[in-house]
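Asks: here is the input, now give the coordinates:
(one chain, ligands or ions: 2)
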Amino acid sequence: MPFETTSPDWNAVRDDLDAFGYADLGRLIEDADADRLIADYNREDLYRSHIQMKRHGFGQGEYKYFADPLPDLIANLRQALYPALARIANEWEEQLGTDRRWPDTHAELVERCAAAGQHRPTPLILRYGPGDYNCLHQDIYGDLTFPLQVVILLDEPTAFEGGEFVLTEQRPRMQSRAEVVPLKRGHGVVFPVNERPRQGTRGSYRVKQRHGVSRVRAGQRHTLGIIFHNAT
Ligand SMILES: O=C(O)CCC(=O)C(=O)O
Ligand SMILES: [Fe+2]
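Replies: Numbers count the residues shown, from 1 in each chain. Ligands and ions are numbered 1, 2, ... in the order given. Now for the predicted structure:
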């Protein structure tokens, strides 16, 4: 897997997450694998559900949740990325003074999810065409919410216009701030599912984050979303 040979600089990841609310993880999948994921979008056997975003008021466009057993590529990425992200998540818990700690391996997180009634896999593939967009949201699927998630762009950025990945952060009693995050084909970006700590003058406080996608003006855009907790 290319990820193992180009392992991210996790200190830089942690610093970028703290400063900007996201971090580039570098290339996580090869172009041929991205092509395969897109080509397999119409294979019904790979997915457990198919969501039309408009029907739910989530935006416009569609996505599919992968079924168990997850394709190896996705299961491997979830397992390979998790331990370093869990270390960051645990540093955040310490910074916020909670007594929650995340387990060292993804297998243990999956066990904890199951104990909390969260059995269904959450990795998903999203497809957007002209006019489609994804409203600002948080991917919470139960009480157990692992605080970081990853998105991977599957197309070349030149395959579409618009369709910017947008993050907003809301600090207590302040107006929201937006970041437009550049995505590269096959690269992963990590960001908080719902909040992250920020160091203030009197200790740390929680910043609320949301993410979404601006309207695609032309072309087609596909992404792979990797969420680490399972869903109820
Ligand atoms: O399509 C995108 O860039 C965002 C996908 C998303 O919302 C997610 O992966 O959770
Ligand atoms: Fe999302």
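
Asks: which stretch of helix or strand covers the residue in the chain that ligand 1 sits nearest to?
Replies: Going by C-beta to the nearest ligand atom, ligand 1 is nearest to Gly225 of the chain, at 2.4 Å. Heads up, the C-betas are built off the backbone N, CA and C, glycines and all. For Gly225, the host element (DSSP states H and E) is strand 221-227.

Asks: give the pairing partners of that strand; include direction for each.
Replies: The strands beside strand 221-227 in its sheet (DSSP bridges) come out as strand 124-128 (antiparallel), strand 148-153 (antiparallel).

Asks: my guess is the residue of the chain closest to ligand 1 contacts Arg127. True?
Replies: No - between Gly225 and Arg127 there is no contact under C-beta atoms under 8 Å: 11.8 Å.

Asks: OK, contacts around Gln52?
Replies: Glu62 (C-beta atoms under 8 Å, 6 or more residues apart in numbering).

Asks: enumerate the residues of this structure near ligand 1.
Replies: Within the chain, the residues that sit near ligand 1 (C-beta under 6 Å from any ligand atom) are 126, 134, 139, 151, 165, 211, 213, 223, 225.

Asks: buried residues in the longest helix along the chain, which are they?
Replies: Taking DSSP state H as the criterion, the chain has its longest helix at helix 72-96. Of the residues in helix 72-96, 73-75, 77-78, 81-82, 84-86, 88-90, 92-93 count as buried by neighbour count, 16 or more other C-beta atoms under 10 Å.

Asks: and stretch 15-26, by the same measure?
Replies: For stretch 15-26, by 16+ other C-beta under 10 Å, it's 16-18, 21-26.

Asks: of those residues, which is the nearest to Tyr41?
Replies: Checking the buried residues of stretch 15-26 against Tyr41 by C-beta to C-beta gives Leu25 as the nearest, at 23.1 Å.

Asks: OK, contacts around the residue lying closest to Ala116 once chain neighbours are set aside?
Replies: Nearest non-adjacent residue to Ala116, counting by C-beta to C-beta, 6 or more residues apart in numbering: Leu144, 4.6 Å away. Counting by C-beta under 8 Å, 6+ apart, Leu144 touches 112-113, 116, 118, 229.
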